[in-house]
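Trainee: Just the structure for this:
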Amino acid sequence: MQIFREVAAHLSYTRAAEALNLTQPATFAQVRQLEDHLGQKLIDRLGKSLSLTQAGEIVLKSAQRLVEETENLDMALAELQGLAKGRLRLAVVSTAKYDIPAHIGTYNTEFPGIEIALTVGNREELLSRFASNADDLYILGTPPQDMDAVVERYSKNPLVVVAPPDHPLAARSELTMRDLANYPFLMRESGSGTRLAAERSFEAAGATPNVRMELGANESVKQGVIAGLGLAVLSRGTVALELRHGYLVELAVEPFPIIRHWHVVWRKGKKLSLAAEAFVERLLRSTG
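Mentor: Numbers count the residues shown, from 1 in each chain. Here you go, the predicted model:
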């Protein structure tokens, strides 16, 4: 049921297998075994796309309840031992993967008995996981809208415009978005918070970005800028090492840096485990 729930959340055997630390064939086999046991087809395939059948939708609801009850039992038993043992499921937006490991390291030092399951994805993937209650806590730059969520801000996340050090704009100051519109720009995929910030900044200046390429990961964007393919808006934390060593430079562009924040989020009404409560407490004690 847990494997089926993960496949249904991702609509992908490969991504479900990665989230569960299983092989793709093993994940597929488990779902087929569940279908054989129930005597119902749960997942349809049309080309490369997966979709749930009507029976799959019904089974998914039961799977969510069963897995949640099992996890509640595990949590209740673990809490008999305080924070000596337990499990914390974190889902982190991809940009935050440069910030959150330090917090996890500190937490793990204090509570070595807590097992941490970390999932990294884009904003849309995390909101999908949030809707299915797949994790304990979610780390997001922009909190979910129109969802029953508890949201706590814990740290700054400045967005900056970066360029290779030999770029024509690298030596200039008091730049505007109109200046940037004259040069190729690299963008994240639609729905990305950094892309939205870039688009809004160009729009406010009455300018249109010259988008050369759309890339689905911060690391790809960063390497593209280093290679001279274009400028980009990225979280300063994402490029901190490259800025420090001179592989990239931060441009002085109005209205950047744009100060955004990191948020820790969980479902309203959800009883947090002691492990999750302790992690939230440490995030809120962080500064920035």
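Trainee: which is the next helix or strand following the host helix or strand of residue 17?
Mentor: Secondary structure assignment for residue 17, by DSSP states H and E: helix 13-20. Scanning forward in sequence from helix 13-20 by DSSP H and E, the next helix or strand is helix 24-38.
Trainee: Longest helix in this protein, please.
Mentor: Using DSSP state H to define each element, the chain has its longest helix at helix 54-79.
Trainee: Can you name the element that comes right after that helix?
Mentor: Downstream of helix 54-79, the first helix or strand assigned by DSSP H and E is strand 86-93.
Trainee: OK, contacts around residue 247?
Mentor: Contacts for residue 247 (Cβ atoms under 8 Å, 6 or more residues apart in numbering) come out as 164-165, 226. (Each C-beta comes from the backbone N, C-alpha and C, glycine too.)
Trainee: give me every residue that touches residue 256.
Mentor: Counting by Cβ under 8 Å, 6+ apart, residue 256 has contacts 159-161, 201, 233.
Trainee: change it to 7 Å
Mentor: Listed by Cβ atoms under 7 Å, 6 or more residues apart in numbering, the contact set of residue 256 reads 159-161.
Trainee: Over to residue 106?
Mentor: Applying Cβ under 7 Å, 6+ apart to residue 106 gives the contacts residue 282.
Trainee: quick one: which of the contacts of residue 256 is nearest to residue 38?
Mentor: Distance to residue 38 across the contacts of residue 256 (Cβ to Cβ) is lowest for residue 159, with 47.8 Å.
Trainee: Quick check: the closest one touching residue 197?
Mentor: Yes: in this structure, residue 159 is within contact of residue 197 by Cβ atoms under 7 Å, at 5.3 Å.
Trainee: which neighbours do these two share?
Mentor: Looking at what touches both residue 159 and residue 197 (by Cβ under 7 Å, 6+ apart), the common residues are 233, 258.
Trainee: before we move on, the earlier item: kindly indicate which of the contacts of residue 247 lies nearest residue 284.
Mentor: residue 226 (34.9 Å).
Trainee: how many other residues sit next to that closest one?
Mentor: 16 (other Cβ atoms under 10 Å).
Trainee: contacting residues for it?
Mentor: 164, 242, 247-248.
Trainee: which residues pair with the nearest residue to residue 133 once chain neighbours are set aside across the strands?
Mentor: Nearest residue to residue 133, sequence neighbours excluded (Cβ to Cβ, 6 or more residues apart in numbering): residue 267, at 5.9 Å. With DSSP bridges as the criterion, residue 267 is bridged to residue 149.
Trainee: Do I have it right that residue 267 meets residue 148?
Mentor: Yes: using Cβ under 7 Å, residue 267 is in contact with residue 148, at 6.4 Å.
Trainee: Now distance to residue 87, secondary structure and pLDDT too, for the contacts of residue 226, in a markdown table please.
Mentor: Shown next, in a markdown table, are these (distance: Cβ to Cβ, whole Å; DSSP: H, G, I helix; E, B strand; the rest coil; pLDDT from 0 to 100):
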| residue | distance to residue 87 | secondary structure | pLDDT |
| --- | --- | --- | --- |
| 164 | 43 | coil | 97 |
| 242 | 35 | helix | 96 |
| 247 | 38 | coil | 96 |
| 248 | 38 | coil | 97 |
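Trainee: Which elements pack onto the helix or strand where residue 202 lies?
Mentor: Using DSSP H and E, residue 202 falls within helix 193-204. The contact analysis (3 or more Cβ pairs under 7 Å, 6 or more residues apart in numbering; DSSP states H and E) places helix 193-204 against strand 184-188, strand 232-235.
Trainee: Right, I'll call it a day here.
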